[in-house]
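**Student:** The amino acid sequence is not available; the structure is as follows:
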């Protein structure tokens, strides 16, 4: 439990203020170990520029199960992945900076969207926390057992 809370705080502090790329089409809803939805889908017109949320190094750029994706290591255990891409314009090992274009958005299952996922120390966390402003008030409360 402490590791998950620490991961969420690290994620919240790692990314400068900024708004999400679009309206939420599908929320973060993991189920068990392997089922559910492990990121957030944001509405984006097909062909829109997909930008990286923070500085880092591209660790993967290519297809996953037939869907183009990019993963960026931001350091401190934080990795973000961007999927449903129509095109990828970065390569593995490339250093990217906040706001750089990774590729263009595409669609999945007929929905024009960007799938964004985030992991801190290998744990998937809700990436929507990245779009709250660091430096504000972060309140943690105990979870019911």
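**Tutor:** Now that the structure is in, tell me what you want to look at. Just so it is clear, the model here is predicted, and its values are computed rather than measured.
**Student:** only C-alpha atoms for contact and neighbour calcs from this point on.
**Tutor:** Noted.
**Student:** What is the burial count for residue 89?
**Tutor:** 10 (other C-alpha atoms under 10 Å).
**Student:** what's the spacing between residue 41 and residue 31?
**Tutor:** Between residue 41 and residue 31 the distance is 16 Å, computed by C-alpha to C-alpha, to the nearest Å.
**Student:** the more surrounded of those two?
**Tutor:** When neighbours are counted by other C-alpha under 10 Å, residue 41 comes out ahead of the other of residue 41 and residue 31, with 27 against 10.
**Student:** element containing that one?
**Tutor:** With the criterion set as DSSP states H and E, the secondary-structure element containing residue 41 is strand 40-43.
**Student:** Repeat that for residue 116.
**Tutor:** Counting by DSSP H and E, the element that carries residue 116 is strand 111-120.
**Student:** Does the residue nearest to residue 74 when sequence neighbours are not counted have any beta-bridge partners, and if so which?
**Tutor:** The shortest distance from residue 74 to any non-neighbouring residue, by C-alpha to C-alpha, 6 or more residues apart in numbering, is to residue 56 (4.2 Å). Residue 56 has the following beta-bridge partners by DSSP bridges: residue 96.
**Student:** again, but for the one 4 residues further on
**Tutor:** On the basis of DSSP bridges, residue 60 is bridged to residue 71.
**Student:** Settle this for me: it is touching residue 94, isn't it.
**Tutor:** No. Judged on C-alpha atoms under 8 Å, residue 60 makes no contact with residue 94 at a distance of 9.7 Å.
**Student:** out of those two, which sits in the busier spot?
**Tutor:** Neighbours were tallied for residue 60 and for residue 94 using other C-alpha under 10 Å; the higher tally belongs to residue 60 (18 against 13).
**Student:** ranges for the strands of the protein?
**Tutor:** Per DSSP state E, the chain has strands spanning 24-26, 29-31, 35-37, 40-43, 49-51, 56-64, 67-75, 78-88, 95-96, 101-108, 111-120, 123-125. These are given in chain order.
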